[in-house]
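Colleague: Quick one: sequence and predicted model below, then my questions.
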Amino acid sequence: MSLTPRLPGPGPGDPLLAKQKHHHRRAFEYISKALKIDEENEGQKELAIELYRKGINELELGIAVQCWGGRGEVWERAQRLHEKMKTNLAMAKDRLQFLESMDSL
Amino acid sequence: QSTTTSVPLNDVDGLMQQVADEAGLELNMELPQGVQAGSIATTQASQEQDELSQRLARLRQAE
């Protein structure tokens, strides 16, 4: 009996990976917009805070997607993306906390 | 050999994203993806996450 991976090749339509990518995409859009405002540093911090919150929510949804269910390059990439989203979740949360503390002054 | 074929894929993606951002559109959410497109998109996703990390790190240094 040979051990066959659940998916022999890159699975284009695997719903889990599509879901992960979907949340990545939305998180990227929200956090990019938040960063743009944040980097310009011209007020509008409330909007940046709101966008960071939405982005963080999407990152959490993306990280919650199980990406260890298959083998092969596509899944390995999904696992790397998972790690990167975790890193950014922590960093975005830190930044959000910082902005909120400034905001309440 | 036309010049259009030598444009790096990342540039094309970046430009499409830029145009979509300016127009307030959400790009490629529901596009059907072939094997290749899926792989490339995941790689691009990783690059995008890296970009966020770099920008967040820069802001943290400025705190």
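Modeller: Done, it's in. Note that the coordinates shown come from a computational prediction; the quantities given were computed from them, not determined experimentally. Numbers count the residues shown, from 1 in each chain, chains lettered A, B, ... in the order given.
Colleague: Spell out for me which residue occupies the centre of chain A.
Modeller: The residue lying closest to the centre of chain A (Cα atoms, centre = their mean) is A:Leu59, at 3.3 Å.
Colleague: That one contacts A:Gln20, correct?
Modeller: No: assessed by Cβ atoms under 8 Å, A:Leu59 is found out of contact with A:Gln20, at 10.9 Å. (Each C-beta comes from the backbone N, C-alpha and C, glycine too.)
Colleague: hmm, back to that, secondary structure element for the residue nearest to the centre of chain A?
Modeller: helix A:45-64 (DSSP states H and E).
Colleague: got any ranges where chain B has weak pLDDT?
Modeller: Applying pLDDT under 70 to chain B flags residues B:1-9, B:22-42.
Colleague: how is it carved up into domains?
Modeller: Domains of chain B are assigned by automatic domain parsing as B:1-30, B:32-63.
Colleague: Just the pLDDT at the closest residue to A:Asp38 other than its chain neighbours, thanks.
Modeller: Once flanking residues are discounted, A:Asp38 sits nearest to A:Ala48: 4.7 Å by Cβ to Cβ, 6 or more residues apart in numbering or on different chains. Here the pLDDT value assigned to A:Ala48 is 96.
Colleague: Let me see the ranges of the helices in chain B.
Modeller: Counting by DSSP state H, residue ranges of the helices within chain B are B:9-23, B:35-62.
Colleague: Of all the ones you listed, which one comes closest to A:Leu16?
Modeller: Closest of these to A:Leu16 is helix B:35-62, at 12.4 Å (criterion: Cβ to Cβ).
Colleague: tell me the angle the closest one makes with helix B:9-23.
Modeller: 70 degrees (axes from the mean of the first three to the mean of the last three Cα atoms, to 10 degrees).
Colleague: tell me what helix B:35-62 is packed against?
Modeller: With contacts taken as 3 or more Cβ pairs under 8 Å, 6 or more residues apart in numbering or on different chains; DSSP states H and E, helix B:35-62 sits against helix A:15-40, helix A:73-103, helix B:9-23.
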